[in-house]
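**Student:** Just need the structure, nothing else, for what follows:
(chains A and B)
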Number of protein chains: 2
Amino acid sequence: MKIKYERLKQENNTKARYGLLHTNYGTFETPMFMPVGTLANVKTLTPEELKAMNSAVVLSNTYHLWLRPGEDVVDHAGGLHKFMNYDGPILTDSGGFQVFSLAKNKKKDIVEEGVHFKSHLDGKALFLTPELSIQIQNKLDSDIAMSFDECPPYPVTYDYMKASVERTIRWAERGKAVHSNPRQSLFGIVQGGEFEDLRRWSAEETVKLDFDGYSIGGTSVGEDKDTMYKMIDYAVPYLPEDKPRYLMGVGDPIDIIEGVIRGIDMFDCVLPTRIARHGNAFTRTGKINIKNAKFKEDFTPLEENCDCYTCKNYTKSYIRHLIVCDESLGGRLLSIHNIRFLIRLTEELREAIKEDRLIEYKEEFLEKYQ
Amino acid sequence: MKIKYERLKQENNTKARYGLLHTNYGTFETPMFMPVGTLANVKTLTPEELKAMNSAVVLSNTYHLWLRPGEDVVDHAGGLHKFMNYDGPILTDSGGFQVFSLAKNKKKDIVEEGVHFKSHLDGKALFLTPELSIQIQNKLDSDIAMSFDECPPYPVTYDYMKASVERTIRWAERGKAVHSNPRQSLFGIVQGGEFEDLRRWSAEETVKLDFDGYSIGGTSVGEDKDTMYKMIDYAVPYLPEDKPRYLMGVGDPIDIIEGVIRGIDMFDCVLPTRIARHGNAFTRTGKINIKNAKFKEDFTPLEENCDCYTCKNYTKSYIRHLIVCDESLGGRLLSIHNIRFLIRLTEELREAIKEDRLIEYKEEFLEKYQ
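**Tutor:** You can find the predicted model right below:
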């Protein structure tokens, strides 16, 4: 079946909403944070570990799976859920962002038909089109597929962005036309950079195509935070109340709070796992780097009140030792903590929405978080 | 308390024995395989995962922990069990093997007092003595400490080996004299290379010093299998029946079977985790490399009848994908399988001993294992 969004509560003082996302693999509360499983695994972690952190949707990358192992392997395995042994909902992105960020030498040739670029692995010439992206995602059999869009860098001229969003709408239409997996939902992507009228136009035209959900793209591409928040503000008023809204590639705790306040339901980001591998941990008082010498004999958990597996069982001293020695268990333990940190943040945000005290929650959070 | 070995059954047709090892952290059956947690973690794995594979004793490396994080950090954490959150028995080696195998440029200067060598990390000059090794292990607070020995390369001359085993005996005595952790057992190490009389002499002299257990060292240093088996045969008759016997650094399945037949109770090896990181898996028909193209669409588990977490949940195709993409979850899943493979092998060997059919078991195993 297609996913279904059910809004249960609109917060009184902000645009934030508490709701439920009904999926093929159960019903989950929103706002939610979705960990990223680039290559059909959330780096270092098992599905059981994700479930233990109360994780719901996992995101996987169409571009990466297209190259390795190839969508046919995943298809023959019985789809991505069976392939990676995850019986929770999976969202696949379209590959558009990776073409933008990973193409070899960042060179690409965008034509009406699609994008010519070179593989980041071996430089092989590749051509990704809106139709091919959807066809790959149909085979991957994720629960939610994304439309193939152009994700322009920041900043570009108004004229460039106007031409780009118009093409992205045409691409969205083309992708939707070939989408053929009845149990897979399809989201449209709103682009338009920092231009208010283009965001509005993009949102309205995308909504006309009637997708199962809408995401806001072109964020986290180098713009400052205020600009990012404006991008959300410019688009959200034109998105339907009965469909989920997904802010792509955003995982900074403050940005999640600001996004929720602006009416966003879903977030994803590699941040919690990427910073983990470099020894960083989220805490309520800000990010810490566990390699810091002051943690050498710190026999307390990363956070005293954290309920994650890592904090219940390991000390900063031990995790520091593992990271300093390049033991991958260190990145694994920090990944568990960091993902749980963001999921717990969304749990608290949901409670704050239900009680109409989201602004107070934000102020309390910001007071501690440096 | 000190460990205590209880022999429950002597096999009728071989020197194999089934027994119990009573430790500070519970009682475990022997023969047993001990996974290696070099730097206070079995690479990629948590203690819970080790327990789920029915793992008992874990080995950790004194040399490595001496350098990082330092025995004082572990001591201040409350000992190695608390530091690494493992409430099962831990054995620490003496550092002797690492001095032999890891010293920078393999250069070392062995004097009566100890060994001068350079750190494999930064080339810093280090000096390890029998006393220091034991003092470090006392602080690490492992359940079983090993005497500091010289582990000569293979082959060396008879005269070199004779002088070496004589010094190793003096070192064993010196280490024992400073050993001061009442809850930690101390093992002696039999050396002597491939020389029958030196193995016997080393065994007899070591036993005179009255250790809590005895290990056979100087194996897995380049000798062929028949020579290794002889080294065991030369020593075992002179070891007491009421103490555990530990063959160091041996983890090849056939060697474990041959060792058990020769009266060995304990084995350790980095093999299952090391080969895992390179994509290799033990199976009943021999080792396989999962990167092989033939596994690309093999949607069966590594082994149909394996009871490990990996085999119950993942396919060869998926594990291959992870390994090919350098995702550490791949090495983690293979490590789980490989360790469980060796532990299960020892479980079957114990049953075979109880039923006096060890030789038949070996023949059946070898028939399939290539």
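**Student:** List the contacts of the closest residue to residue A:288 other than its chain neighbours.
**Tutor:** Excluding its sequence neighbours, the residue lying closest to residue A:288 (Cβ to Cβ, 6 or more residues apart in numbering or on different chains) is residue A:281, at 5.4 Å. From N, CA and C alone the C-beta is placed, and that goes for glycine too. By Cβ atoms under 8 Å, 6 or more residues apart in numbering or on different chains, the contact set of residue A:281 is A:275, A:287, A:288, A:289, A:290, A:302, A:319, A:334, A:337, A:338, A:341.
**Student:** do residue A:87 as well
**Tutor:** By Cβ under 8 Å, 6+ apart, the contact list for residue A:87 reads A:25, A:47, A:81.
**Student:** hang on, it in a helix?
**Tutor:** No. Read with DSSP: H, G, I helix; E, B strand; the rest coil, residue A:87 is coil and lies in no helix.
**Student:** What backbone torsions are found at it?
**Tutor:** The phi and psi values for residue A:87, taken as degrees, to the nearest 10, are phi -100, psi 40.
**Student:** how close does it get to chain B?
**Tutor:** As defined by Cβ to the nearest Cβ, to the nearest Å, residue A:87 lies at a distance of 11 Å from chain B.
**Student:** okay if I get the contacts of residue A:87 as TSV plus distance to chain B?
**Tutor:** Output for the contacts of residue A:87, formatted as TSV (distance: Cβ to the nearest Cβ, whole Å):
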residue	distance to chain B
A:25	16
A:47	8
A:81	12
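**Student:** now, which of those residues sits nearest residue B:37?
**Tutor:** residue A:47 (24.9 Å; Cβ to Cβ).
**Student:** Hmm, that closest one is touching residue A:89, no?
**Tutor:** No. Contact status for residue A:47 versus residue A:89: not in contact, 11.9 Å apart, counting by Cβ atoms under 8 Å.
**Student:** more crowded one of the two?
**Tutor:** residue A:89 (23 against 19; other Cβ atoms under 10 Å in any protein chain shown).
**Student:** re earlier: strands - which of the contacts of residue A:87 land there?
**Tutor:** With strands taken from DSSP state E, there is no overlap with those.
**Student:** And the residues you listed, which is closest to residue B:72?
**Tutor:** When the contacts of residue A:87 are compared against residue B:72 (criterion: Cβ to Cβ), the nearest one is residue A:47, at 39.4 Å.
**Student:** So for stretch A:72-84, what gets flagged as buried?
**Tutor:** Within stretch A:72-84, the residues that count as buried by 16 or more other Cβ atoms under 10 Å in any protein chain shown are A:73, A:74, A:75, A:76, A:77, A:79, A:80, A:81, A:82, A:83, A:84.
**Student:** Make CSV out of these and add pLDDT and secondary structure.
**Tutor:** Formatted as CSV, those follow (pLDDT from 0 to 100; DSSP: H, G, I helix; E, B strand; the rest coil):
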residue, pLDDT, secondary structure
A:73, 98, helix
A:74, 98, helix
A:75, 98, helix
A:76, 98, helix
A:77, 98, helix
A:79, 98, coil
A:80, 98, helix
A:81, 98, helix
A:82, 98, helix
A:83, 98, helix
A:84, 98, helix
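**Student:** Check what pLDDT the residue nearest to residue A:288 gets.
**Tutor:** If you check residue A:281, the pLDDT there is 98.
**Student:** now do residue A:222
**Tutor:** Looking at residue A:222, its pLDDT reads 88.
**Student:** ok, now residue A:255?
**Tutor:** 98.
**Student:** now residue A:104
**Tutor:** Confidence score, pLDDT, at residue A:104: 69.
**Student:** and what of residue A:101?
**Tutor:** pLDDT, residue A:101: 84.
**Student:** For burial, what's the neighbour tally of it?
**Tutor:** Residues lying near residue A:101 (other Cβ under 10 Å) number 14.
**Student:** ok, so what distance separates it from residue A:61?
**Tutor:** 11 Å (Cβ to Cβ, to the nearest Å).
**Student:** Spit out the residues that contact these two alike.
**Tutor:** By Cβ under 8 Å, 6+ apart, no residue touches both residue A:101 and residue A:61.
**Student:** near chain B, which residues of chain A show up?
**Tutor:** A:39-41, A:43-46, A:68-69, A:73, A:76-78, A:83-85, A:296-297, A:299, A:313-315, A:317-318, A:320-322, A:324-325, A:327-329, A:331-332 (Cβ under 8 Å from any Cβ of the partner chain).
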